[in-house]
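# dropping a prediction and its sequence here:
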Amino acid sequence: MVDLSTNYLGIELRNPLVASASPLTQKAETAQQLVKAGVSAIVMPSLFEEQILRESLKLDQDLTRGTEQFAEALTYFPEVGQYSIGPDTYLQNLSKIKKSVSVPVIGSLNGYTDGGWVEYAQKIQAAGADALELNLYYLATDPELTANELEDKYLQLVRNIRNKVQIPLAVKLSPFFTSLPNFSKHLAECGVNGIVLFNRFYQPDFDLEELEVVPHLILSNSNEVRLPLRWIALLYGKIPVDFALTSGVHTAEDMLKALMAGAKIAMITSAFLQEGSEFATMLLEDLQKWMEEHEYTSVKQMIGSMSQKAVADPAEFERANYMKVLASY
């Protein structure tokens with residue numbers, strides 16, 4: 001019998017298929033469907049730093065509105081029980097999902113400054129999250145801001161949170177680092193348990209008729225798996241953390257590649273949005289079938305087997321591979 005179990009962030013999982021943040025992991029009902037179909041863990045959608053700051057400012061505005069006029073203005077205070085801010089709703093939702101499913105639930109924060117993150121990291125832990133995923137994202141537009149300054153800000157934020165929470169901590173990164181291995185090394189030194197590659201950004205578009213900037217959502221495809229695949233294969237065995245691959249996982253073959261590169265788990269969003277939660281069952285059946293046909297007895301046996309440190313020609317992952325592809329056309 002093939003053993004599909006894996007260990008991610010020190011948490012034993014029944015298989016390497018994890019549902020990453022999406023509308024399906026935001027509600028208890030759809031989260032239950034994903035678990036029933038076979039996923040081994042749930043990642044909640046992110047609580048954004050902007051939500052924390054906006055709601056805090058809104059509450060302050062509501063509490064102080066009109067108080068400079070006369071004493072009766074004190075009645076403008078919102079009624080207790082009727083005022084619910086976004087972050088609190090997020091925590092209630094996390095707690096509800098945690099109670100409704102039998103698999104680990106991972107909370108998520110998105111931002112780049114302290115701006116309430118440390119406090120809400122503690123609250124996410126208290127709400128029952130089994131682990132916390134930090135999405136480090138800041139679009140650097142100031143020409144005076146150096147890469148070192150931004151990375152130092154990221155690392156200090158991670159240290160602050162690591163010092164305040166006891167649950168496992170993963171950091172989700174973008175591919176836009178000058179030296180991803182060096183930054184990953186520093187994250188490991190900060191006490192991070194896992195690194196998730198890569199954050200997938202949704203770029204704005206132009207509406208030429210209305211002359212407006214508009215959001216534009218395009219779901220991933222299997223071609224996108226190659227970028228995180230390459231970097232996980234390069235970093236596996238060099239950085240002492242668990243790796244998770246996200247972006248472009250749509251088939252059992254994509255999952256197998258992720259594991260062989262060195263990922264402990266493969267995270268899926270787009271495929272579930274396109275095919276429905278029951279797609280998880282088919283993916284796991286295909287994964288097990290392939291492993292049986294190729295005489296693999298466990299997932300743990302194949303993790304890292306195609307990483308740079310394990311292949312005969314390590315240069316295939318580096319510059320030589322780039323030259324070979326150009327010459328092959």
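Done, it's in.

# for Thr281, helix, strand, or coil?
Three-state call for Thr281 (DSSP: H, G, I helix; E, B strand; the rest coil): helix.

# so it makes contact with Val39?
No. When contacts are counted by Cβ atoms under 8 Å, Thr281 is not listed as touching Val39 (9.7 Å). (Each C-beta comes from the backbone N, C-alpha and C, glycine too.)

# show me whatever sits in contact with both of these two.
By Cβ atoms under 8 Å, 6 or more residues apart in numbering, Thr281 and Val39 have no common neighbours.

# so which of the two has more stuff around it?
Val39 (30 against 14; other Cβ atoms under 10 Å).

# so what's the more buried one up against?
Leu17, Val18, Ala19, Val103, Ala280.

# where's it, which helix or strand?
For Val39, there is no host helix or strand (DSSP states H and E).

# select from the contacts of Val39 every entry located in strands.
Leu17, Val18, Ala19 (DSSP state E).

# quick one: the last one and Val105, what's the gap?
Just to be clear, that refers to Ala19. 10 Å (Cβ to Cβ, to the nearest Å).

# common neighbours of the two, please.
Ala31, Ala41, Ile42.

# what is the neighbour count of the second one?
Translated: Ala41. Under the neighbour criterion other Cβ under 10 Å, Ala41 is assigned a count of 28.

# go on, the last one?
Neighbour count for Ile42, taken as other Cβ under 10 Å: 27.

# re earlier: out of the ones in strands among the contacts of Val39, which one sits closest to Leu155?
Val18 (25.7 Å; Cβ to Cβ).

# contact partners for that closest one?
Counting by Cβ under 8 Å, 6+ apart, the residues that Val18 touches are Tyr8, Val39, Ser40, Ala41, Ile42, Val43, Ala244, Ile265, Ala266, Met267, Ile268.

# lowest-confidence helix or strand of this protein?
For the chain, counting by mean pLDDT, DSSP states H and E, helix 49-64 ranks last in confidence among helices and strands (a mean of 52).

# the stretch 201-329 of the chain: helices as residue ranges?
226-235, 252-261, 270-275, 279-293, 299-302, 319-328 (DSSP state H, counting those that start in this stretch).

# make CSV from those helices and add mean pLDDT and distance to Gly191 to it.
Output for the helices of the stretch 201-329 of the chain, formatted as CSV (pLDDT from 0 to 100; distance: least, Cβ to Cβ, whole Å):
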stretch, mean pLDDT, distance to Gly191
helix 226-235, 96, 17
helix 252-261, 97, 24
helix 270-275, 94, 31
helix 279-293, 98, 32
helix 299-302, 96, 24
helix 319-328, 65, 33
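
# how many other residues sit next to the spatially closest residue to Tyr236 that is not a sequence neighbour?
The shortest distance from Tyr236 to any non-neighbouring residue, by Cβ to Cβ, 6 or more residues apart in numbering, is to Gly262 (2.7 Å). Gly262 has 27 neighbouring residues, counting by other Cβ under 10 Å.

# before we move on, what about Thr30?
Counted with other Cβ under 10 Å, Thr30 comes out at 19.

# picking that back up, which of Ala19 and Val105 has more neighbours?
Ala19 (28 against 24).

# so the more buried one touches Thr25, yeah?
Yes. Between Ala19 and Thr25 there is a contact under Cβ under 8 Å: 5.4 Å.

# give me the common contacts of these two.
Ala31, Leu34, Ile42, Val43.

# quick one: pLDDT of the last one?
Right, the one you point to is Val43. Note for Val43: predicted pLDDT of 97.

# and for Pro215?
Looking at Pro215, its pLDDT reads 80.

# ok, it - contacts?
Tyr202, Pro204, Asp205.

# could you single out the nearest of those residues to Lys300?
Tyr202 (34.4 Å).

# how near is that closest one to Thr246?
Applying Cβ to Cβ to Tyr202 and Thr246 gives a distance of 14 Å.
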